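1. Prediction below, plus the sequence it came from.
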Amino acid sequence: MRSTARAVRMRAQVLCLSAGLLGPLAACGSPPPDPGPLLAKTSQHMVLLKGFHFQMQIQGFTGSTVPVESANGDAHPPDLHSSVQLRQGGVLVQLEIIFSADQVYLKSFTGGWQRLTAAEVVQFFDPHSLFDQQDGLFAALKDTQSPKRGKQENVGSQSTWVISGTLPADRVHRLLTLISDQGSYTATYWIDSASDNLWRARLQGHLFDPTKESTVTFEFSNHDQPVTVTPPPVS
């Protein structure tokens, strides 16, 4: 009986010691972020980056009025250099677009750069508007309504918090004019709360047709790595 009581006391002491050691470690963990303030901080942070790399993919219904399928490139808004994949007549076509010094340049599969007007670019796709400091995606983060914090997920090797909410359709239309301006859409963001870096963003809903679902997904990397875009030689 005496040995049993001694064993119980020793076990209790070990448990207390373990709790004392683990308690401070547990207290060091960062609490889950409040989604509203996190979106506001990330919006301000991303708008002020010196540069970043982006990829954009459109999935689901698009129709003939939305020829673009994907785009990728490097940007320091308002300057940007992007490759764009379009589908024309069932054929996938790749173009290069440069926005530099308030000028727009296009290089098609036929080769050679030509200068375009902003109105000509908008007819098929305007990547410049995606990252406009007033109307672009990063500015829209703070306009997200009813934001909710989800679970933590990895984007590549980056640990992020998933924040979801809704954006008015007319607000999304301002950053990508191909999208309908009627109704509202689901917006989901993958954010590293330690750095305020946005690693992924997704817009989902009846983006291009009132009865059919579509998704636009953005991936970001090379945060704050300087990007310089120079005008190309025009043929």
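-> Everything's here; your move. Remember, predicted model here, so these are calculated numbers, not experimental data. Numbering: from 1, shown residues only.
2. What sits closest to Gln88 if chain neighbours are left out?
-> Excluding its sequence neighbours, the residue lying closest to Gln88 (C-beta to C-beta, 6 or more residues apart in numbering) is Pro67, at 6.0 Å. Heads up, the C-betas are built off the backbone N, CA and C, glycines and all.
3. For the one you found, give its distance to Ala140.
-> Distance, Pro67 to Ala140, by C-beta to C-beta, to the nearest Å: 23 Å.
4. Surely Ala140 is within a helix?
-> Yes: Ala140: assigned to a helix according to DSSP: H, G, I helix; E, B strand; the rest coil.
5. and it, how many residues sit next to it?
-> When counting by other C-beta atoms under 10 Å, one arrives at 21 neighbours for Ala140.
6. tell me how far the ends of stretch 120-135 are from each other?
-> 20 Å (C-alpha to C-alpha, to the nearest Å).
7. And the next helix or strand past the helix or strand hosting Ala75?
-> Take DSSP states H and E as the rule and Ala75 turns out to sit in strand 68-76. Along the chain past strand 68-76, the next helix or strand (assigned with DSSP H and E) turns out to be strand 79-88.
8. for that following strand, what is the average pLDDT?
-> The pLDDT scores in strand 79-88 average 90.
9. Which of the residues in it are classified as buried?
-> For strand 79-88, a neighbour-count test (16 or more other C-beta atoms under 10 Å) marks Asp79, Leu80, His81, Ser82, Val84, Gln85, Leu86 as buried.
10. One more: stretch 92-107?
-> When neighbours are counted by 16+ other C-beta under 10 Å, the buried residues of stretch 92-107 are found to be Leu95, Glu96, Ile97, Ile98, Phe99, Ser100, Val104, Tyr105, Leu106, Lys107.
11. Over to stretch 126-136?
-> For stretch 126-136, a neighbour-count test (16+ other C-beta under 10 Å) marks Asp126, Pro127, His128, Ser129, Leu130, Phe131, Asp132, Gly136 as buried.
12. separation between the fifth one and Ile58?
-> Separation of Leu130 from Ile58 (C-beta to C-beta): 12 Å.
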